[in-house]
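Undergrad: missing the sequence, but the structure's below:
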């Protein structure tokens, strides 16, 4: 009988991230108030007129409404302009992504009253912009009341309460990504902030800013709606368990019958997949820098790799590059192939495998080993060449210290075909089927009833 042993990790992983602030800036304590009525009105007009596919038409009134705030060139007012534009882009992006759930409400007078009421609920809130905001933009206090007002706005368009809360809950993640996008697109508008603030957000060079923007994008990906529903992957993701094979000690080969199955020579050590990989990252052993996730179709490989990438990006300890292999063009040189992927992707301004510009550590996640293909070569042959090139480059980069760690996911057959290249203990992690407890099942049913 196959043996299973459950393994529990005691390695403590920090969930905190952020930046230290080196000097206080008194002028940021100026309270600023804003009129959100135009934002809600323009969004409503976009839904009713059916023009949400055109950002310029929908957001123009809301963004132009900034002029009514009486903003001048003072740094705190420029910062509010950055925040307001980012909020507009984040909210419009959420509305566009969920427009199939919105139904027209033709009573314009009622809608005007709704916008007035929502604006009134926000106008008493004072926004104090300080350096902590640029370190932890998700913690901006005004986001919570805006989430509540946005949920009420969504319900006006016949979105039920559970859906409205699910959509509005994603606002902070969308806001952070929009903030990085706005800063990257219009750096000249916010140049004065660099002179007044000293944080990694404002003082980062172009390379660091591109990493911040990319990591914010990774976190946004798992929040985006799926299957034309209000929820995203993050809301429905079920944590995975996996096992690795360990040869049974103390038994010689001749003790087994000649035709005994190979699996019976091994015991299966079961573990929490995310905890195991976080411990592997934390250890950072340069001689054990590749992990492989193996699983059948629908086992959750791609969902896990996306969630794991987003979680590591949120922690900010190690830069993460996520590469879906069906979008990757393999070549004989991994550095060149990664460089082309990065250029086509458009977020990072340099090749992270370029040693002259490299960071101190890097995690690359290659998702979908079975989806590799090259003209004139079958996928299996391409995968074998790719795996061996990854091993060569990891060995080269980690010659003196750990610089590169690689996580690869693939279906069982293609991983098995390359198993001779993965000889480290615990190197291949086999995904186990989903197991949902009665408590989780009951909560899921309750949530579906709300929907």
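TA: In hand now; what should we look at? All of these numbers come straight from a predicted model, not from anything done at the bench.
Undergrad: below-threshold pLDDT in the stretch 151-300 of the chain: ranges please.
TA: Residue ranges of the stretch 151-300 of the chain with pLDDT under 70: 197-204, 249-264.
Undergrad: how about the contacts made by residue 296?
TA: 411-412, 431 (C-beta atoms under 8 Å, 6 or more residues apart in numbering). C-betas here are computed from N, CA, C, even on glycine.
Undergrad: that one belongs to a strand, doesn't it?
TA: No: counting by DSSP: H, G, I helix; E, B strand; the rest coil, one finds residue 296 to be coil, located in no strand.
Undergrad: so what does whichever strand or helix holds residue 94 touch, helix or strand wise?
TA: Using DSSP states H and E, residue 94 sits in helix 75-97. For helix 75-97, the elements it packs on are helix 37-49, helix 55-64, helix 143-156, helix 171-185, helix 191-196, judged by 3 or more C-beta pairs under 8 Å, 6 or more residues apart in numbering; DSSP states H and E.
Undergrad: dump those helices into JSON lines; add mean neighbour count and distance to residue 318 as well.
TA: Below are these laid out as JSON lines (neighbours: other C-beta atoms under 10 Å; distance: least, C-beta to C-beta, whole Å):
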{"stretch": "helix 37-49", "mean neighbour count": "21", "distance to residue 318": "37"}
{"stretch": "helix 55-64", "mean neighbour count": "16", "distance to residue 318": "34"}
{"stretch": "helix 143-156", "mean neighbour count": "20", "distance to residue 318": "27"}
{"stretch": "helix 171-185", "mean neighbour count": "21", "distance to residue 318": "19"}
{"stretch": "helix 191-196", "mean neighbour count": "14", "distance to residue 318": "27"}
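Undergrad: just to revisit the earlier point, tell me which of the contacts of residue 296 is nearest to residue 144?
TA: residue 431 (37.0 Å; C-beta to C-beta).
Undergrad: where's that closest one relative to residue 292, distance?
TA: According to C-beta to C-beta, to the nearest Å, residue 431 stands 11 Å off from residue 292.
Undergrad: highest neighbour count among the contacts of residue 296?
TA: The most crowded member of these, judged by other C-beta atoms under 10 Å, is residue 431 (20 neighbours).
Undergrad: got the contact list for the nearest residue to that one once chain neighbours are set aside?
TA: Spatial nearest neighbour of residue 431, chain neighbours left out: residue 295 (3.5 Å); criterion: C-beta to C-beta, 6 or more residues apart in numbering. Listed by C-beta under 8 Å, 6+ apart, the contact set of residue 295 reads 301, 409, 411-412, 430-431.
Undergrad: hmm, back to that, next, the angle from the helix holding residue 94 to helix 143-156.
TA: If you take axes from the mean of the first three to the mean of the last three C-alpha atoms, to 10 degrees, helix 75-97 sits at 30 degrees to helix 143-156.
Undergrad: for the helix or strand following helix 75-97, buried residues please.
TA: Next helix or strand after helix 75-97 toward the C-terminus (DSSP H and E): helix 108-123. Residues of helix 108-123 classed as buried by neighbour count (16 or more other C-beta atoms under 10 Å): 111, 114-115, 118-119, 122.
Undergrad: and helix 108-123 with helix 143-156, angle?
TA: Angle, helix 108-123 to helix 143-156, by the same axes, to 10 degrees: 170 degrees.
Undergrad: and the angle from helix 108-123 to helix 37-49?
TA: On the basis of the same axes, to 10 degrees, helix 108-123 is oriented at 150 degrees to helix 37-49.
Undergrad: leaving out sequence neighbours, find the closest residue to the spatially most central residue of the chain.
TA: By C-alpha atoms, centre = their mean, the chain has its centre lying nearest to residue 219, at 2.1 Å. Spatial nearest neighbour of residue 219, chain neighbours left out: residue 310 (4.8 Å); criterion: C-beta to C-beta, 6+ apart.
Undergrad: show me the contacts for the one you found.
TA: 218-219, 221-222, 234.
Undergrad: re the thing from before, for residue 334, which of the helices and strands packed on helix 75-97 is the nearest?
TA: If you check each of the helices and strands packed on helix 75-97 against residue 334 by C-beta to C-beta, helix 171-185 wins as the nearest, at 27.7 Å.
Undergrad: perfect, that will be all.
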